[in-house]
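Undergrad: I need the structure of the sequence given here:
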Amino acid sequence: MITSPDNPKLKQIRKLQTKRGRSTTGLFLAEGEDLVKAATSEPEYVLHAGVDVDAKLLDSVSTLGSGTRVIGVYHQQWAEPGGDVSVYLHGVGDPGNVGTIIRSAHAFADGPVILGPGCADPYSPKAVRASMGSIFARPPARGRFEQLAGTRVAFVAGADAGYEADGPVVLCFGSERGELPDGAEITAGIPMRGELDSLNVAMAATVALYDRFRMARHG
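TA: Numbers count the residues shown, from 1 in each chain. Below you'll find the model as predicted:
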């Protein structure tokens, strides 16, 4: 059992809480029993409180405010763009939103979430937690919006709600105050009642993905 805070594995876990640590190693953390259970890839290692490591020491390296009973270290995976429905994100800097959209795409699309400029690290602890394990089943991709195959649909506030597109589609979302990249063949919006003129990007992406999923199911 690990009983020293200077143990190499604990040091690495601290390092993986930083973007630099993740980028230099290609590894990431999954904290909590649900996330570790959802993992579909072999871990580099898994530490269980009271079994592999002193429980207080594991809590000391946890990013969760309440501590954790298990932390797994895994290799990052990256997909290629593709699928009948995929999502492109531009300037979405909140890792919680990125992780939530990865989860929504897992539920309603057969393609990945494609990350463009200015997006948060999908393998940061907050993004991994928000994905609820979908980061394992549907790894993200990288790409340039204008080079993606399929009909590119940009979702903007105030645009008409409906759109028609045959074949693969790429749904593009950005931050509430940011601009979307050039290259969209279609612009679309989400109708709302009341005085609101925009939605949180994760909510907007989920609504749009579900609508496309519903249309595909019912022809």
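Undergrad: Just give me the neighbour total for residue 181.
TA: Close neighbours of residue 181, defined as other CB atoms under 10 Å, add up to 17. Heads up, the C-betas are built off the backbone N, CA and C, glycines and all.
Undergrad: For it, give me its contacts.
TA: By CB atoms under 8 Å, 6 or more residues apart in numbering, the residues touching residue 181 are 90, 116, 145-146, 172.
Undergrad: Show me just the buried residues among those residues.
TA: Among these, those classed as buried by 16 or more other CB atoms under 10 Å are 90, 116, 145, 172.
Undergrad: Quick one: end-to-end distance for stretch 152-161.
TA: Counting by CA to CA, to the nearest Å, you get 15 Å between the two ends of stretch 152-161.
Undergrad: ok, back up a step: could you save the buried ones among the contacts of residue 181 as TSV and add columns showing distance to residue 28?
TA: Shown next, in TSV, are the buried ones among the contacts of residue 181 (distance: CB to CB, whole Å):
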residue	distance to residue 28
90	23
116	20
145	25
172	26
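Undergrad: and the strand or helix carrying residue 203, which residues are buried?
TA: Element membership for residue 203, per DSSP states H and E: helix 201-218. By neighbour count on 16+ other CB under 10 Å, the buried set for helix 201-218 is 201-202, 204-206, 208-209, 211-213.
Undergrad: List the contacts of stretch 117-132.
TA: Outside stretch 117-132, the residues that reach it (CB under 8 Å, 6+ apart) are 17, 19, 22, 28-32, 34-35, 38, 63, 76, 89-100, 102-103, 106, 113, 115, 135, 140, 175, 178.
Undergrad: can you do 6 Å?
TA: Stretch 117-132 has contacts (CB atoms under 6 Å, 6 or more residues apart in numbering) with 19, 22, 28-30, 63, 76, 89, 91-93, 95-96, 98-100, 102-103, 135, 140.
Undergrad: and those residues, which are buried?
TA: Buried residues within these, counting neighbours by 16+ other CB under 10 Å: 22, 28-30, 63, 76, 89, 91-92, 95-96, 98-100, 102-103, 135, 140.
Undergrad: Restricted to strands, list those.
TA: Among the buried ones among the contacts of stretch 117-132, the members found in strands (DSSP state E) are 28-30, 89.
Undergrad: what about the strands in the chain?
TA: Under DSSP E, the chain gives strands at 27-31, 45-48, 70-75, 85-90, 113-115, 141-142, 151-155, 169-174, 186-188.
Undergrad: Give me the domain ranges for this protein.
TA: Using automatic domain parsing, the domains assigned to the chain come out as 8-75, 85-218.
Undergrad: tell me what the lowest-mean-pLDDT helix or strand in the chain is packed against?
TA: Least confident helix or strand of the chain, by mean pLDDT, DSSP states H and E, is helix 201-218 with a mean of 90. Here helix 201-218 touches helix 95-108, strand 169-174, going by 3 or more CB pairs under 6 Å, 6 or more residues apart in numbering; DSSP states H and E.
Undergrad: residues in contact with the residue nearest to the spatial centre of the chain?
TA: Nearest to the geometric centre of the chain sits residue 99, at 3.0 Å (CA atoms, centre = their mean). By CB under 6 Å, 6+ apart, residue 99 lies in contact with 127, 130-131.
Undergrad: what's the nearest residue to it if we skip its chain neighbours?
TA: Nearest residue to residue 99, sequence neighbours excluded (CB to CB, 6 or more residues apart in numbering): residue 130, at 2.8 Å.
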